[in-house]
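Peer 1: Pasting the sequence and the predicted model now:
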Amino acid sequence: MQNFIGCDSSYDDARIVIFGAPYDSTTSNRPGARFGPHAIRTDSYGLETYSPYQDKDLCELKVYDAGEMELPFGRPEPALDIIEAAAGQILLDGKIPLMIGGEHLVTLGAVRACAKTYPDLHIVHFDAHTDLREEYLGQKLSHATVLRRCHDILGNGKIFQYGIRSGMAEEFAWAKTHTKLNKFNLDTFEDDINSLQNVPIYFTLDLDVMDPSAFPGTGTPEAGGVSFTELMSAISLLSGLNIIGCDIVELAPNLDSSGISTALACKLLREILLVI
């Protein structure tokens, strides 16, 4: 099995466990996120394990790559159950689950598991989209509803959203009283760090938070996104938080024949691993 570069510790020794969730059955625009986990692993071998940004090396960490889960197509609930069980076992074993998606709905399975272990769970969410719809095309389980379903579990004041620049008017109005939402950029994240201290954090990174000029390989690109440098600055702030689980989602490598999006996703995953 091919692992993400530098992540070759045994499961027993590992502090962080990577697993892939190759699922995109509710994608509403351009499919392909199911190919993200495999592409990231394969492309990671063009990346150094050393990060000059943090002066750290993946080879110094204890990370186990569990490979990709086999997830059924069609109805999302069976896939979410499999993801929840996998993340739950990792947490039960005292480790941090790091999931590679897949479309954004896969986050719900991991959050369900994390909320059972950590009742005071908070979410830090980087994305171009609100993902707060009550339903999409009559379905309550969708990549467009995933943060609304997470709110069903966590309640008010526990979801912090950044970079949001797309969504229905109703979603933005609903967010005003239910989540902390920062439009267009990541600027207020540093200011919010103090209020996020000493609580368990699930970090979810939808890669379309980036501007499509830098990251075109995603199903629903939105102009006006953040740069790689801005995203890296925000990710560095995660080191001050109690990250108990995280994911990186919505790379669709088939939509960027240049390979730049996949290479960028690999670098971001390396940096997230080193931060947490």
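Peer 2: Now that the structure is in, tell me what you want to look at.

Peer 1: C-alpha only now, for contacts and for neighbours.
Peer 2: Noted.

Peer 1: what are the ranges of the strands in the stretch 151-276 of the chain?
Peer 2: For the stretch 151-276 of the chain, the strands defined by DSSP state E, counting those that start in this stretch cover 159-164, 180-183, 200-206, 242-249.

Peer 1: and of those strands, who's closest to F35?
Peer 2: Between F35 and the strands of the stretch 151-276 of the chain, the shortest gap by Cα to Cα is with strand 242-249, which sits at 10.8 Å.

Peer 1: picking up where we left off before, of the strands of the stretch 151-276 of the chain, give the one that comes closest to R15.
Peer 2: Across these, closest to R15 is strand 242-249 (Cα to Cα), at 10.7 Å.

Peer 1: Can you work out which other helices and strands pack against the closest one?
Peer 2: In terms of contacts (3 or more Cα pairs under 8 Å, 6 or more residues apart in numbering; DSSP states H and E), strand 242-249 is packed against strand 96-101, helix 106-117, strand 200-206.

Peer 1: Show me the contact partners of that strand.
Peer 2: Outside strand 242-249, the residues that touch it by Cα atoms under 8 Å, 6 or more residues apart in numbering are 33, 36, 96-104, 107, 110, 114, 197-207, 269, 276.

Peer 1: One more pass at 7 Å, please.
Peer 2: 96-104, 198-207, 276 (Cα atoms under 7 Å, 6 or more residues apart in numbering).

Peer 1: Kindly format the C-alpha coordinates of it as PDB.
Peer 2: What follows is strand 242-249, C-alpha atoms only, in PDB (Å, rounded to 0.1, in the frame of the first residue of the first chain):
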ATOM      1  CA  ASN A 242      -6.300  21.500  20.900                       C
ATOM      2  CA  ILE A 243      -6.800  19.800  17.500                       C
ATOM      3  CA  ILE A 244      -8.400  16.400  18.200                       C
ATOM      4  CA  GLY A 245      -9.300  15.600  14.600                       C
ATOM      5  CA  CYS A 246      -9.200  17.200  11.100                       C
ATOM      6  CA  ASP A 247      -9.700  16.700   7.400                       C
ATOM      7  CA  ILE A 248      -8.700  18.100   4.100                       C
ATOM      8  CA  VAL A 249     -11.400  17.800   1.400                       C
END
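
Peer 1: just how off-centre is that strand within its chain?
Peer 2: Its chain's average C-alpha position is 6 Å from that of strand 242-249, according to Cα atoms, centre = their mean, to the nearest Å.
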